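S.K.: Build the 3D model from these lines:
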Amino acid sequence: MATARRKISNIGGSDVEAGVSPITAEDPKQQSFVSSVAKEKNRSSKVIDLIAKILMVVTILVTLLDLYWYLIPHDVKLNHKKTLNEQMSKFAFSIRDQKEELKEEIEDVSERIVEEHLTLESGEKEADADKLQEAIEEDVVKLKELKEEQASLENTANFCPGCQFSWEGLITSCGKRRDYLINHHGSPKEDAEKAVIHWDSNCAN
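M.R.: Take a look at the predicted model:
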């Protein structure tokens, strides 16, 4: 009698002699899922590497800038600071000029609206009543926009005096920058704060 033979196969292997079909490791859906997970991990890894490289470059640039400011001669620093102060002072006074121009324009538009209303109510130009009404509506819209712009220039509620001011190696507080413009250049407080925020947005909350 022939001795029965049976080959014991490893898990996942084939068992041809026993007549058992080979066992596949994964079905197509599972393989697709594993592949997509691997791609996502690879993509995330690349993004993290890119962010790390960007942070490294920024750190190096800041360090070099601080080193430059530390190594340059004292008289060069003074000239640099003087130039910055003059530029900031001019900007602060330009804000004041903008406010004056806006104030005059607001007064002109307001007066024109009053005159247009009086003309419309008097009936002097009844034939042009529709055009006059349209002109009034346009001026009202323009007046609103001018007042919003004026409010934006005058609003410094978001100014942060305790925050750090940094510009090309010059590091101080935002409040000290503002006070310097006020005390040494006669800049109005609100305009000085606007100038400081313009130079370093970190001074705004």
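
S.K.: how about low-confidence regions in the protein?
M.R.: 1-39, 62-78, 125-127 (pLDDT under 70).

S.K.: how does it look with 80?
M.R.: 1-47, 58-81, 123-128, 168-169 (pLDDT under 80).

S.K.: where along the protein do the strands fall?
M.R.: 164-167, 170-173 (DSSP state E).

S.K.: Out of these, which gets nearest to residue 53?
M.R.: strand 164-167 (23.1 Å; C-beta to C-beta). Quick note: C-beta positions are derived from backbone N, CA and C, even for glycine.

S.K.: By residue count, which helix of the chain is the longest?
M.R.: helix 74-122 (DSSP state H).

S.K.: And it, what does it pack against?
M.R.: Using 3 or more C-beta pairs under 8 Å, 6 or more residues apart in numbering; DSSP states H and E, the elements in contact with helix 74-122 are helix 129-154, strand 170-173, helix 174-185, helix 189-199.

S.K.: what's the most buried one of the ones you listed?
M.R.: Most buried of these by mean neighbour count (mean count of other C-beta atoms under 10 Å) is helix 189-199; its value is a mean of 23.

S.K.: how far does it sit from the chain's center?
M.R.: 18 Å (C-alpha atoms, centre = their mean, to the nearest Å).

S.K.: and if you look at stretch 114-129?
M.R.: The answer for stretch 114-129 is 47 Å, by C-alpha atoms, centre = their mean.

S.K.: mind listing what's buried in that stretch?
M.R.: By neighbour count on 16 or more other C-beta atoms under 10 Å, the buried set for stretch 114-129 is 116, 119, 120.

S.K.: quick one on the thing from earlier: is it possible to export the helices and strands packed on helix 74-122 to CSV including distance to residue 84?
M.R.: Output for the helices and strands packed on helix 74-122, formatted as CSV (distance: least, C-beta to C-beta, whole Å):
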stretch, distance to residue 84
helix 129-154, 22
strand 170-173, 7
helix 174-185, 9
helix 189-199, 8
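
S.K.: For residue 198, see how far away the closest residue to residue 160 other than its chain neighbours is.
M.R.: Closest residue to residue 160 apart from its sequence neighbours, by C-beta to C-beta, 6 or more residues apart in numbering: residue 205 at 4.9 Å. Residue 205 sits at a distance of 15 Å from residue 198 (criterion: C-beta to C-beta, to the nearest Å).

S.K.: sorry, back to before: mind checking the helices and strands packed on helix 74-122 for the one nearest to residue 51?
M.R.: When those are compared (using C-beta to C-beta), the closest one is strand 170-173, at 25.6 Å.

S.K.: And that closest one, what does it pack against?
M.R.: Under the contact rule (3+ C-beta pairs under 8 Å, 6+ apart), strand 170-173 is packed against helix 74-122, strand 164-167.

S.K.: Tell me which residues touch the nearest residue to residue 96 once chain neighbours are set aside, please.
M.R.: Excluding its sequence neighbours, the residue lying closest to residue 96 (C-beta to C-beta, 6+ apart) is residue 191, at 5.3 Å. By C-beta atoms under 8 Å, 6 or more residues apart in numbering, residue 191 lies in contact with 92, 93, 95, 96, 99.
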